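Visitor: just to be clear, the model below is a prediction. Sequence and coordinates:
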Amino acid sequence: ANNAGLTTDQRAAGFNRFVNTTVDIGAFESRGFTITTTSGTPQSAVFVTAFGSPLVTTVSSAFTEPVTAGQVTFTAPGSGASATFTGGINTLAVTINGSNQASANATANNIVGGPYNVSAGGAGISGTATFSLTNTTSNQTITFNALGSKTFGDADFPVSATASSGLPVSFTASGQCTISTNTVHLTGAGSCTITAKQGGNSNFTAAPDASRTFTIAQAATTTAVSSSANPSNLTQSVSFTATVTGPAGAGTPAGAMTFKDGAVTIVCANAGGQTFNGSGVATCQTSALTGGAHTITAVYSGDTNFLTSTGTLSPNQVVNNLPLVSFSAANYSVNESAGVVHVIVTRVSDTTVPFNVG
């Protein structure tokens with residue numbers, strides 16, 4: 001085309017403005033461009049998070065041909081560990097800026113893996129620029145609140161903890177307790193440690209264990225006392241029975257019982273009977289009580305799991321201080337013509353107690 005109005009060569013110096021009688025308007029066929037990776041490789045990011053640096057390429061021409069406003073296409077793998085661009089797409093066309101550069105921001109997809117390559121190229125551009133990217137696993141933490149103190153015999157109770165990953169948390173127990181799934185059962189007084197665990201998966205590393213320890217107090221007990229004969233007579237053998245109980249489900253207390261008459265410890269005739277049997281029962285036999293009322297107490301010594309307790313016989317033990325032979329009437333009419341009076345004594349109650357007639 002002839003256009004005398006164009007007086008300046010459109011491609012810069014070195015080209016004839018007029019060729020024969022034809023006006024050259026400046027159109028040309030590119031002799032090719034090259035692309036290089038400028039920055040953004042290699043790098044890694046936790047899955048589903050953005051990479052820290054943009055992917056930057058530089059496009060150039062060996063012949064000083066203009067590249068501004070051209071396009072570079074970034075392409076990420078279509079499957080497996082990969083990256084996405086704005087809008088969640090795998091391919092993005094970017095306009096080359098005035099510095100002859102094109103850049104794209106990338107985000108790791110939800111698959112851990114790599115390194116993999118994101119390529120950048122375009123029409124008329126020789127070769128491709130590549131970026132080596134890796135999607136890494138994420139760390140996780142466990143949130144597990146403190147556990148309050150308990151008392152042996154308390155009911156089973158649940159515990160809960162959460163992992164920042166959203167993965168399920170499991171528990172283990174040590175000390176005076178057991179755990180089933182997330183339900184804790186107390187096995188004695190002392191302490192218990194519950195540990196929360198999350199082992200991770202292909203996307204998350206194992207979380208640091210979170211342990212919580214709490215104390216378990218001894219269980220309270222109750223002691224009840226009974227008497228085999230109340231009231232009783234002088235020298236009569238009496239058996240005191242003490243029964244110790246704890247909270248329901250806590251088992252039977254173990255240990256020994258001390259029986260007292262007021263502040264004085266009774267020397268029990270049945271040695272060994274003051275150690276509990278399998279039902280938490282201890283006994284004390286004595287025939288040494290003096291006449292009158294006696295405050296009988298049984299003092300439980302306690303054990304590792306159970307607190308001490310004291311029980312008192314109610315009402316007080318009464319020992320009758322009566323003559324060995326008594327008559328029902330104050331006066332009797334008898335015939336003493338023979339010079340002898342015969343008295344017939346019929347014994348009742350405890351016939352093992354000896355008596356004398358003087």
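Guide: That came through, no problem. Predicted model only: the values in this text are computed from it and were never measured.

Visitor: remind me which residues of the stretch 201-350 of the chain are low pLDDT?
Guide: 322-330, 332, 334-350 (pLDDT under 70).

Visitor: which residues in it form strands?
Guide: 210-217, 222-227, 232-233, 238-245, 257-261, 264-265, 281-286, 292-294, 296-300, 309-312, 317-320 (DSSP state E, counting those that start in this stretch).

Visitor: helix or strand for Ile194, which one?
Guide: Ile194 is part of strand 190-197, with elements assigned from DSSP states H and E.

Visitor: alpha carbons only: can I get that strand in PDB?
Guide: Only the C-alpha atoms of strand 190-197 are listed here, as PDB (Å, rounded to 0.1, in the frame of the first residue of the first chain):
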ATOM      1  CA  GLY A 190      -3.800 -42.000  93.100                       C
ATOM      2  CA  SER A 191      -3.500 -40.400  89.700                       C
ATOM      3  CA  CYS A 192      -4.500 -41.000  86.100                       C
ATOM      4  CA  THR A 193      -3.000 -39.800  82.800                       C
ATOM      5  CA  ILE A 194      -5.100 -39.700  79.700                       C
ATOM      6  CA  THR A 195      -3.100 -39.200  76.400                       C
ATOM      7  CA  ALA A 196      -4.800 -37.900  73.200                       C
ATOM      8  CA  LYS A 197      -3.200 -39.100  69.900                       C
END
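
Visitor: and it with strand 210-217, angle?
Guide: 160 degrees (axes from the mean of the first three to the mean of the last three Cα atoms, to 10 degrees).

Visitor: in strand 190-197, what counts as buried?
Guide: 190, 192, 194-197 (16 or more other Cβ atoms under 10 Å). In short, each C-beta sits where N, CA and C put it, glycine included.

Visitor: and it, which strands flank it?
Guide: With DSSP bridges as the test, strand 190-197 is paired with strand 170-175 (antiparallel), strand 210-217 (antiparallel).

Visitor: quick one: contacts for the closest residue to Asn135 other than its chain neighbours?
Guide: Using Cβ to Cβ, 6 or more residues apart in numbering and skipping residues adjacent in sequence, the residue nearest Asn135 is Ala108, 4.0 Å away. If you count contacts by Cβ atoms under 8 Å, 6 or more residues apart in numbering, Ala108 has them with 45-51, 81, 83, 133, 135-136.

Visitor: beta partners for Ala108?
Guide: Ala83.

Visitor: I figured Pro208 hits Ile142, correct?
Guide: Yes. Counting by Cβ atoms under 8 Å, Pro208 does reach Ile142; the two are 7.2 Å apart.

Visitor: which one's more surrounded, those two?
Guide: Ile142 (20 against 13; other Cβ atoms under 10 Å).

Visitor: quick check: closest non-adjacent residue to that one.
Guide: Ile142's closest residue in space is Ala210 (Cβ to Cβ, 6+ apart), at 4.2 Å.

Visitor: from what I see, that neighbour and Ala161 are in contact.
Guide: Yes. Taking contacts as Cβ under 8 Å, Ala210 lies within contact range of Ala161: 6.4 Å.

Visitor: circling back: what about the contacts of Ala108, which are in helices?
Guide: Counting by DSSP state H, no part of the contacts of Ala108 is found in helices.

Visitor: can those residues go into JSON lines with extra columns for distance to Thr297?
Guide: Shown next, in JSON lines, are the contacts of Ala108 (distance: Cβ to Cβ, whole Å):
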{"residue": "Ala45", "distance to Thr297": "76"}
{"residue": "Val46", "distance to Thr297": "70"}
{"residue": "Phe47", "distance to Thr297": "72"}
{"residue": "Val48", "distance to Thr297": "72"}
{"residue": "Thr49", "distance to Thr297": "72"}
{"residue": "Ala50", "distance to Thr297": "77"}
{"residue": "Phe51", "distance to Thr297": "80"}
{"residue": "Ala81", "distance to Thr297": "78"}
{"residue": "Ala83", "distance to Thr297": "82"}
{"residue": "Leu133", "distance to Thr297": "82"}
{"residue": "Asn135", "distance to Thr297": "75"}
{"residue": "Thr136", "distance to Thr297": "72"}
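
Visitor: pull the most distant pair out of the residues you listed.
Guide: The two members of the contacts of Ala108 with the most space between them (Cβ to Cβ) are Ala50 and Ala81, at 15.4 Å.

Visitor: which of these two has more neighbours?
Guide: Applying other Cβ under 10 Å to Ala50 and Ala81 shows that Ala81 carries more neighbours, namely 20 against 14.

Visitor: list the contacts for the more buried one?
Guide: 108-109, 111-114, 116, 134-135.

Visitor: if you set the cut-off to 10 Å instead, what comes out?
Guide: 47, 108-116, 133-136 (Cβ atoms under 10 Å, 6 or more residues apart in numbering).

Visitor: try Thr213
Guide: 146-147, 174-175, 191-195.

Visitor: sorry, back to before: how near is the residue nearest to Asn135 to Glu65?
Guide: Between Ala108 and Glu65 the distance, using Cβ to Cβ, to the nearest Å, works out to 36 Å.

Visitor: Thr193 is in contact with the residue nearest to Ile142, correct?
Guide: No. Counting by Cβ atoms under 10 Å, Ala210 does not reach Thr193; the two are 11.0 Å apart.

Visitor: backbone dihedrals for Ser103, please?
Guide: Phi and psi for Ser103, reported as degrees, to the nearest 10, are phi -140, psi 160.

Visitor: with only the CA atoms kept, save stretch 105-113 in CSV.
Guide: This file holds the C-alpha atoms of stretch 105-113, laid out as CSV (Å, rounded to 0.1, in the frame of the first residue of the first chain):
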residue,chain,number,x,y,z
ASN,A,105,0.2,-16.8,41.5
ALA,A,106,-0.3,-20.5,42.2
THR,A,107,-1.9,-22.5,44.9
ALA,A,108,-1.1,-26.1,45.8
ASN,A,109,-4.1,-28.5,45.2
ASN,A,110,-5.4,-30.9,47.8
ILE,A,111,-3.0,-33.7,47.0
VAL,A,112,0.4,-34.0,48.7
GLY,A,113,3.3,-34.8,46.3
